[in-house]
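> Please work out how this folds:
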Amino acid sequence: MKITIRLRLSLMMFLEFFIWGGWFVTLGTYLANNLNATGAQSAMVFGTQSWGAIIAPFVIGLVADKYFNAEKILGVLHLIGALLMYQLYSTTSFDVFYPYVFGYMIAYMPTLALVNSVSFNQMKDPAKDFSSIRVWGTIGWIAAGLAISFLFHWDSAEGIKEGLLQKTFLMTAIASAILGLFSFTLPATPPKAASGEKASVTEILGLDALKLLGNRNFFMFFIASVLICIPLAFYYQNANPFFSEIGMANPTGKMTIGQASEVGFMLLLPVFFKRFGFKATLLAGMLAWAVRYILFSYGNAGELSFLLITGIALHGVCYDFFFVSGQIYTNSKAGEKHKSAAQGLITLATYGVGMLIGFWVAGIITDSYNTAGVHNWQHIWLFPAGFALVVMVLFAVFFKNEKIEYKE
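You can find the predicted model right below:
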């Protein structure tokens, strides 16, 4: 790959995830403090990510893959996103905020697949080249968090009180406009229809992979994937408000430790996978979710702050050992014909259905332990901890161990 193309793809990935991390991490804190949203209302807003994930396959498969170059629709969606982000920056009412964020997520979620399509189209060996491009997305997410905490101090106690988190939407709008314009300079990625490739609606949505559910092991993995997204939703929805409410300094910046650990544990995953196998790897990921939330339950911003930092740092185990391992397992079970369909089905089930349920449950639990605006965070975090442990035990009992080859 030419160095100029590599640099352009890396910048594309950096901006793509800078945009996501630039507002989504602090969203819960903003909703509670700027819009006085309840837990149920916050769940509605976070649930728009799931609706975006559900609708995204239609946008990509029925529009982008058939009629437009991927880089062009990527540009259009980010320009639309920039306008919607500016509207989010301008509004002070939840009733106005919600439809804008719903529209934004429908525009943004398809771009996650589009940046991959643009990247893969330029690679002769994706297995070798993609990780070095994709890592710039993680760096972009980290950069956004560090900027919010250490450069602008928008998430400081004073910043939150003054409503400065609202500026995260303006920052994201600017970044989205830049990526929108930059996308039109990216290498051409023609629609699949131009090369004679056609996909049915069932293929696009991953429904051709439903036959895999007839396999008991895959069915148990599928159910576990949906259920584990309930504890995952608690982290996305509640972590930043929790850290801010208990007085942790620079919470958004410190949460980037999770993304750094994700990179590190990604490197350790092949070693763990080969030595202990698929089942043990997934169980380790589930256990990490439970341990993380127990640490959150008993940690504080004072002498026990190390418990909170450790919980954040476990993100690499939580995410990589379950979701990345799950992608490898799905790939191995699907076979050549249904690989894409199977990955699409798992994505739809987890980030779509699973997290939609998870955000709803998180909203109910958060409101249940809210007295006069003060949350009983210990009880809130113990719920997803216990839930993750139950899922882990059920998976351990009903999933039969099988050897899966890990191909780097």
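> Work out which residue lies at the spatial centre of this structure.
Centroid check for the chain by CA atoms, centre = their mean gives Y351 as the closest residue, at 7.7 Å.
> Excluding chain neighbours, give the residue nearest to that one in space.
A53 (4.1 Å; CB to CB, 6 or more residues apart in numbering). In short, each C-beta sits where N, CA and C put it, glycine included.
> do the same with N36
F94 (7.7 Å).
> helices or strands next to the longest helix along the chain in the packing?
When the chain is parsed with DSSP state H, its longest helix is helix 251-298. Secondary-structure packing of helix 251-298 (3 or more CB pairs under 8 Å, 6 or more residues apart in numbering; DSSP states H and E): helix 126-146, helix 216-245, helix 305-313, helix 315-319, helix 325-334, helix 377-398.
> how about A224, what does it touch?
Taking CB atoms under 8 Å, 6 or more residues apart in numbering, we find A224 in contact with L282, M286, V391, L394, F395, F399.
> Just the buried residues out of the residues you listed, in ChimeraX syntax.
Filtering those down to the buried ones (16 or more other CB atoms under 10 Å) takes a single ChimeraX command:
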select :282,286,391,395,399
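> from the contacts of A224, which two are the most distant?
L282 and L394 (12.0 Å; CB to CB).
> Around the closest residue to S149 other than its chain neighbours, how many other residues sit close by?
Excluding its sequence neighbours, the residue lying closest to S149 (CB to CB, 6+ apart) is G253, at 2.9 Å. G253 sits with 20 neighbouring residues when counted by other CB atoms under 10 Å.
> Equivalent analysis for the one 4 residues further on, please.
Each residue near I257 was counted by other CB under 10 Å, and the total is 19.
> show me the residues around it that make contact.
I309, I312, A313, H315.
> Closest one to F14 out of the residues you listed, please.
H315 (19.7 Å).
> least trustworthy helix or strand in this structure by mean pLDDT?
Sorting the helices and strands of the chain by mean pLDDT, DSSP states H and E puts helix 201-204 at the bottom, at a mean of 62.
> mind listing the helices for the stretch 51-200 of the chain?
65-67, 70-90, 94-120, 126-146, 157-161, 167-183 (DSSP state H, counting those that start in this stretch).
> Report the mean confidence score over the third one.
In this case it means helix 94-120. Helix 94-120 comes out with an average pLDDT of 93.
> Next one, pLDDT for G354 please.
Taking G354 on its own, its pLDDT is 94.
> just checking, it touches V226?
Yes: judged on CB atoms under 8 Å, G354 makes contact with V226 at a distance of 4.1 Å.
> who has more neighbours, the two?
Taking neighbours as other CB under 10 Å, G354 and V226 compare with G354 leading, 23 against 19.
> how much distance is there from stretch 323-336 to the middle of the chain?
19 Å (CA atoms, centre = their mean, to the nearest Å).
> Need the CA coordinates for it. PDB is fine.
Output in PDB follows, covering the C-alpha atoms of stretch 323-336 (Å, rounded to 0.1, in the frame of the first residue of the first chain):
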ATOM      1  CA  PHE A 323     -16.400  -9.700  21.500                       C
ATOM      2  CA  VAL A 324     -13.300 -10.100  19.400                       C
ATOM      3  CA  SER A 325     -13.100 -13.800  20.400                       C
ATOM      4  CA  GLY A 326     -16.800 -14.100  19.500                       C
ATOM      5  CA  GLN A 327     -16.000 -12.700  16.000                       C
ATOM      6  CA  ILE A 328     -13.300 -15.300  15.600                       C
ATOM      7  CA  TYR A 329     -15.700 -18.100  16.700                       C
ATOM      8  CA  THR A 330     -18.500 -16.900  14.500                       C
ATOM      9  CA  ASN A 331     -16.100 -16.800  11.500                       C
ATOM     10  CA  SER A 332     -15.000 -20.300  12.200                       C
ATOM     11  CA  LYS A 333     -18.500 -21.700  12.500                       C
ATOM     12  CA  ALA A 334     -20.000 -19.900   9.500                       C
ATOM     13  CA  GLY A 335     -18.000 -21.300   6.600                       C
ATOM     14  CA  GLU A 336     -16.900 -19.400   3.500                       C
END
